[in-house]
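Engineer: The sequence isn't on hand, but the structure is:
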């Protein structure tokens, strides 16, 4: 088993996403056993600008009331940085979903036609592989190409 992150008050169960800029984990909040996703900056000593941008992500998402936005629960101090704690819909990354195969036009159209209930960009540099989504409502199957 890989060495998972230790966050006080949470039991981290899985690494969902890793880039040069951020890490995203799936966890359980110990106080009420709620499934959460925790996003961290992938820098032990982030710059002031990185911290401000991370705080801004939380503030903006917290103030948006839309069914298409993953709900942030809290922004917690973690080491020299912050941990952004969000709701977990049980989704997987498109990279994991595609399993290395190209995503067919049918799935692309299903995503673009809002067949997916909610989505959240985990990456600071958005790309298709960084989208975590809930599979609720997806009717298209993976392309066999």
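Structural biologist: Okay, I see it. No experiment lies behind these values; they were computed from the predicted model shown.

Engineer: what about residue 55, how many residues close to it?
Structural biologist: Neighbour count of residue 55, defined by other C-beta atoms under 10 Å: 13. Bear in mind the C-beta positions are built from the backbone N, C-alpha and C, glycine included.

Engineer: swap that for residue 22, please
Structural biologist: Residues near residue 22, counting by other C-beta under 10 Å: 20.

Engineer: what ranges do the helices span in this protein?
Structural biologist: Ranges of helices in the chain, per DSSP state H, are 48-63, 94-98, 105-112.

Engineer: quick one: buried residues of the longest one?
Structural biologist: It stands for helix 48-63. Neighbour counts using 16 or more other C-beta atoms under 10 Å place 50, 54, 57, 58, 61 of helix 48-63 among the buried residues.

Engineer: Any chance of TSV for those, columns distance to residue 20?
Structural biologist: Below are these laid out as TSV (distance: C-beta to C-beta, whole Å):
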residue	distance to residue 20
50	12
54	15
57	17
58	21
61	22
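
Engineer: roughly how far apart are residue 32 and residue 89?
Structural biologist: 17 Å (C-beta to C-beta, to the nearest Å).

Engineer: neighbour-wise, which of the two wins?
Structural biologist: residue 89 (19 against 6).

Engineer: Pretty sure that one sits against residue 69.
Structural biologist: No: the pair residue 89 and residue 69 does not pass the contact test of C-beta atoms under 8 Å, sitting 11.4 Å apart.

Engineer: residue boundaries of the strands in this protein?
Structural biologist: 10-18, 22-29, 34-41, 72-78, 81-87, 92-93, 119-121, 131-133 (DSSP state E).
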